[in-house]
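>>> could you work out the structure for the sequence below:
(2 chains)
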Amino acid sequence: GPNPIYITDMLTPWDIVNIEYLCFHFLTFVCLFVCLFVCVFTAVCVAGYAPSHNEILELRLPLKLFADENKGLCAERDFKVAHGGFTDGPVRCLKHVPGTRCVVTNDGRSSDLQLWDLGGDDSGTFHQESERVESGSRIAARLSSPPRVLHGARSSDVRLSELTSGRTLYTLEADSADPLTSLQFVSDSVFLAGCCNGSVYVADTRTPDAPQLSPPPASSASSALWWTDASEGLSTCRLVRLSSSGRAVMSDLRKLGGAVSQAQLEVQSRRCDLGDVTVSWAPALDDCVAVSGFSGVVQIFDTSLWRSELQEARPLFVHRGHTVSSPPEDGVPVLVTHHVWHPELPRTLLSAASDGSVHVWDWVNQSAASS
Amino acid sequence: MPEIKVTPLGAGQDVGRSCILVSIGGKNIMLDCGMHMGYNDDRRFPDFSYITQNGRLTEFLDCVIISHFHLDHCGALPFMSEMVGYDGPIYMTHPTKAICPILLEDFRKITVDKKGETNFFTSQMIKDCMKKVVPLNLHQTVQVDDELEIKAYYAGHVLGAAMVHIKVGSESVVYTGDYNMTPDRHLGAAWIDKCRPDILISESTYATTIRDSKRCRERDFLKKVHESIERGGKVLIPVFALGRAQELCILLETFWERMNLKAPIYFSTGLTEKANHYYKLFITWTNQKIRKTFVQRNMFEFKHIKPFDRSYADNPGPMVVFATPGMLHAGQSLQIFKKWAGNEKNMVIMPGYCVQGTIGHKILNGQRKLEMEGRATLDVKLQVEYMSFSAHADAKGIMQLIRMAEPRNMLLVHGEGAKMVFLKGKIEQEFSIDCYMPANGETATVTTNPSVPVDISLNLLKREMALGGPLPDPKKPRTMHGTLIMKENSLKLVSSEQALKELGLNEHQLRFTCRVQLQDPHSDTDTLHRVYTHLKSVLKGYTIQHLPDGTVMVESIVIKVSSSAEDPNTKVLLLSGVIRTRTWGVFFQPC
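Next up, the predicted model:
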């Protein structure tokens, strides 16, 4: 019969205690896995898959996000579907190619990359000859002309390819063939390839020289998985490495061997897969790092509080919205699948979870004297 | 082929005014009759000239159905029925019938009295129009005439909103009006059974939108109220009456309790009276399927919310007041607004759309100086907020409804065509049905494949089964033979013999003969034998007999040989048989 009305779902503590921060939430059509990328200031690309179909959407972010706090007049809270497309396989990795209207995706089953023209149809697939890897390719892109994409699933198959021709411009000469958990440019030509065992390759696409290899952080358990993110500071470039047990190590890119500081993060550790965890530096905020994938929350940490001795670090802020947004089905807890920082709004993040929910939120540093 | 035609009326691609014409099984139905709020001239009314160039609409329409009381769905109804002219039945649910005239009258007052317009319907016209209304109950089939039947389903959205199922013979259409697929605090979600209509017609105004969740909007609402209260400000919330107001009351009450807040919350008495009246309506409307917890609760038994007295508006300190009417165009909410507008610590939260010409509309458009009666100007310094809680179906909701009703075709109205290509693709891909998107004034024609139920006689069925072979499969239909008898209102499939018997006719057989000439010097008997041998060798698999009476039989065809009178070497073969399903040919070669 028809759904009964209920009044019983009163406000949760999350609703009441944390109302200071702005949050938009929506449930995508029917998606189980969502990966995000903010492609331009006002839009986000969201990909999702469900048993029956897979799709990519380009969404315009709610206008209210950009509205002046004091005006508050009629600014919309809704997301608009600008474009949408269907994909054959799931989307496991999605990256925007700067300077273009293109997005590159990988389905996690092979190292094939799909190239998408937003606003148009799938304009083609190009692939490299390399063996199939379960986790699929990581992708990184930098503004360049003509557009180029760095990709690879293992340290042994990292290549820089020209987008239109598929021509290989550079190959990483690595000794090992470890699965990658990150691939990232830190300048126009210098990039990092983070392996799941915690080692990091630093290489320059302009030279054929052997890359620098930074070994895993000291006393890393052989079973631990590591995820990496590098920040691009004006004067420094810092690297944060996070293990599946919650240990975070920060080093300076110029001196990769030594650790600058470390911390034991308060995360709910669980058995993770390679693609589960995301750690990311805030692009417009000093010293802040966001962590997700261990559970249904996204946590923000202040790395300036970390020391050389391993100590516990409490988060600056925890976004719990995904844990209350929909009732858990079959007792399976919701997991945050991905998050990104907004490139310009300093405190705005986007996060997606396994129930298909996507949140855009603006956190408030509650420990700060004034917000 | 039978077809259903759907035409959304109106000029241009404007959204915000619903009026859809459906032609089904020879019946013409008008779905909703809304007003466009953005225009001040005739463009605000639907273009009825599509139905007829001049004269009344009564003979062209079998009925009119109104989905709910929002003005963009019923605002043009008195104009249509009284000024253009329609005397047939107008169907709507009981709550819609109760609330419509009030909203229409309010709207009329604003348009005529405040804005001084002339070509508009009068109060008497509203009354006359409502006399033509036939109220509907949920899930009850109503016979409009002996061929057309309609049934209302729960749509959520607002009190009394319905989705309607329209059936003529074996063809059917479902029109959704505005609906909501996520349950509200006081209204459930839309629900319909797997009625498998030929067409499901849905609004797609928000089809390219993904709505921010209710929870987040509510958080935002609480945040705004809290901020104002904390700085000692007063918050005015103009509301219509039932529904949203009560929901916001419940929200605030819970919040106040949790946060241990002390500032007073009031609702105005005008609100109480109206609310109680609608509450009673609400009980009758929702009594059937709604959980009793809501029904049992007395609407105004709040701990933190008290009835308002107009003297309270001058009390110092923070407070929250719910007052009617909703668009600040008159009455108590306007009075309170005038008192509080000058203080920037205060806030007004508009919970919905405001019609042009009202103060609500003006301040939402940023106007900061208002002209009041007697040439006085009012400086608007308080904070103006807009919180839209009204729930429309977005893309996700549309998909959910399709999954529920399982229509054979989908039709979306009032969307921005170019932008909906993705949604159309999604619907077609996921459900393998066609999706139509006619523009206003454009007709979509949907071919239906109505099934005609026929009875079959047991004998015929047994005979077909006795023929053996695989049982019939929906994917591989098997041809069968019978005679269709149409008598009175029934259709029956029987065997030929039974049909003949019923008709009192005798069966006749048609027997065909043909003559073939051969040159053969042998005797008649020998020729016959040679024919027999030849046929036996070339027609393998057929029953061929040489009978003692001097004939050869191939299946049921009889062959006789005789000599021509003029020339004994010319033999004539006489072939005769009854026509059966197989064509029969003759295989002869010179031998």
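>>> OK, contacts around the closest residue to chain B within the stretch 151-300 of chain A?
Nearest residue of the stretch 151-300 of chain A to chain B, counting by C-beta to the nearest C-beta: A:Gly296, 15.4 Å away. Using the backbone N, CA and C atoms, a C-beta is placed for each residue, glycine as well. If a contact means C-beta atoms under 8 Å, 6 or more residues apart in numbering or on different chains, then A:Gly296 has A:320, A:322-323, A:333-336, A:353 as its contacts.
>>> of the residues you listed, which belong to helices?
Of these, the ones assigned to helices by DSSP state H are A:322-323.
>>> buried subset of the contacts of A:Gly296?
Taking 16 or more other C-beta atoms under 10 Å in any protein chain shown as the criterion, what is buried in those is A:320, A:322-323, A:334-336, A:353.
>>> and the furthest pair within the residues you listed?
Greatest spatial distance in these: A:Arg320 and A:Leu335, 13.1 Å, computed using C-beta to C-beta.
>>> what strand or helix carries residue 145?
Picking chain A for this. Under DSSP states H and E, no helix or strand contains A:Ser145.
>>> can you list the weak-confidence ranges in chain A?
For chain A, the stretches with pLDDT under 70 are A:1-41, A:49-53, A:67-75, A:119-136, A:233-236, A:325-330, A:365-371.
>>> tell me where the longest strand sits in it.
In chain A, with assignment by DSSP state E, the single longest strand is strand A:255-265.
>>> for that one, which outside residues touch it?
The contact list for strand A:255-265, computed with C-beta under 8 Å, 6+ apart, reads A:200, A:202, A:212, A:214-215, A:217-218, A:238-239, A:242, A:246-252, A:291, A:299, A:301, A:303, A:305-313, A:315.
>>> the residues you listed, buried ones only, as a ChimeraX selection?
Buried subset of these, written as a ChimeraX selection, criterion 16+ other C-beta under 10 Å:
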select /A:200,202,214,217,238,239,242,246,247,248,249,250,251,291,299,301,303,306,310,313,315
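>>> the stretch 151-300 of chain B: helices as residue ranges?
Assigned by DSSP state H, counting those that start in this stretch, the stretch 151-300 of chain B shows helices spanning B:214-230, B:244-259, B:269-286, B:292-296.
>>> where among the ones you listed is average confidence lowest?
Among the helices of the stretch 151-300 of chain B, helix B:292-296 has the lowest mean pLDDT, at a mean of 45.
>>> can the following helix or strand past that one be found next to chain A?
Note on helix B:292-296: by DSSP H and E, the next helix or strand toward the C-terminus is strand B:305-307. No - contact of strand B:305-307 with chain A (C-beta under 8 Å from any C-beta of the partner chain) is absent, the minimum separation being 15.1 Å.
>>> what does stretch B:197-210 give?
Yes - using C-beta under 8 Å from any C-beta, stretch B:197-210 reaches chain A at B:206, B:208-210.
>>> any bit of stretch B:91-98 sitting next to chain A?
No - using C-beta under 8 Å from any C-beta, stretch B:91-98 stays clear of chain A, coming no nearer than 14.1 Å.
>>> kindly state the beta-bridge partners for A:Val336.
Beta-bridge partners for A:Val336, by DSSP bridges, are A:Ala353.
>>> swap that for A:Thr171, please
If you apply DSSP bridges, the partners that A:Thr171 bridges to are A:Arg159.
>>> what of A:Trp116?
Going by DSSP bridges, A:Trp116 forms beta bridges with A:Val103, A:Asp122.
>>> so how far is chain B from it?
The gap separating A:Trp116 from chain B is 13 Å, by C-beta to the nearest C-beta, to the nearest Å.
>>> that residue is in contact with A:Val103, isn't it?
Yes - at 4.6 Å, A:Trp116 counts as touching A:Val103 under the criterion of C-beta atoms under 8 Å.
>>> need the residues touching each of those two.
Jointly contacting A:Trp116 and A:Val103 under the rule C-beta under 8 Å, 6+ apart are A:Ile56.
>>> where along the stretch 401-550 of chain B do the helices fall?
With DSSP H, counting those that start in this stretch, the ranges of helices along the stretch 401-550 of chain B come out as B:421-431, B:458-466, B:496-503, B:524-538.
>>> so what touches the shortest one?
To tie it back to what came earlier, the one meant is helix B:496-503. By C-beta under 8 Å, 6+ apart, helix B:496-503 touches B:457, B:459-460, B:481-483, B:485, B:494, B:506-507.
>>> mind redoing it with 6 Å?
Applying C-beta atoms under 6 Å, 6 or more residues apart in numbering or on different chains, the contact partners of helix B:496-503 are B:483, B:507.
>>> residues of that helix that come out buried?
Neighbour counts over helix B:496-503 (16+ other C-beta under 10 Å) mark B:498-499 as buried.
>>> okay, that helix in PDB with CA atoms only?
Extracted C-alpha coordinates of helix B:496-503, given in PDB (Å, rounded to 0.1, in the frame of the first residue of the first chain):
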ATOM      1  CA  SER B 496     -15.800 -24.200 -37.400                       C
ATOM      2  CA  GLU B 497     -18.300 -27.000 -36.800                       C
ATOM      3  CA  GLN B 498     -19.500 -25.400 -33.700                       C
ATOM      4  CA  ALA B 499     -19.900 -22.100 -35.400                       C
ATOM      5  CA  LEU B 500     -21.800 -23.600 -38.200                       C
ATOM      6  CA  LYS B 501     -24.100 -25.400 -35.700                       C
ATOM      7  CA  GLU B 502     -24.700 -22.200 -33.900                       C
ATOM      8  CA  LEU B 503     -25.500 -20.400 -37.100                       C
END
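>>> what's the angle between that helix and helix B:458-466?
Relative orientation of helix B:496-503 and helix B:458-466, computed by axes from the mean of the first three to the mean of the last three C-alpha atoms, to 10 degrees: 170 degrees.
>>> ok, the first one next?
Following the same axes, to 10 degrees, one obtains 80 degrees for the angle between helix B:421-431 and helix B:458-466.
>>> show me what helix B:421-431 is packed up against.
For helix B:421-431, the packing partners by 3 or more C-beta pairs under 6 Å, 6 or more residues apart in numbering or on different chains; DSSP states H and E come out as strand B:434-436.
>>> one more time with 8 Å, if that's ok
Counting contacts by 3 or more C-beta pairs under 8 Å, 6 or more residues apart in numbering or on different chains; DSSP states H and E, helix B:421-431 is packed against strand A:79-87, helix B:395-405, strand B:409-413, strand B:434-436.
>>> packed most tightly, which of the ones you listed would that be?
When you average the neighbours per residue for each of those (mean count of other C-beta atoms under 10 Å in any protein chain shown), strand B:409-413 leads with a mean of 24.
>>> tell me which other helices or strands it touches.
The contact analysis (3+ C-beta pairs under 8 Å, 6+ apart) places strand B:409-413 against strand B:3-8, strand B:199-203, helix B:421-431, strand B:434-436, strand B:444-447.
>>> in its sheet, what does it sit against?
strand B:199-203 (parallel), strand B:434-436 (parallel).
>>> how close does whichever residue of the stretch 101-250 of chain B sits closest to chain A get to B:Ile305?
Relative to chain A, the nearest point of the stretch 101-250 of chain B is B:Trp191 (3.4 Å; C-beta to the nearest C-beta). Taking C-beta to C-beta, to the nearest Å as the measure, B:Trp191 falls 31 Å from B:Ile305.
>>> tell me the contacts of whichever residue of the stretch 351-500 of chain B sits closest to chain A?
Nearest residue of the stretch 351-500 of chain B to chain A (C-beta to the nearest C-beta) works out as B:Phe422 at 3.5 Å. Counting by C-beta under 8 Å, 6+ apart, B:Phe422 touches A:57, A:81, A:83-85, B:208.
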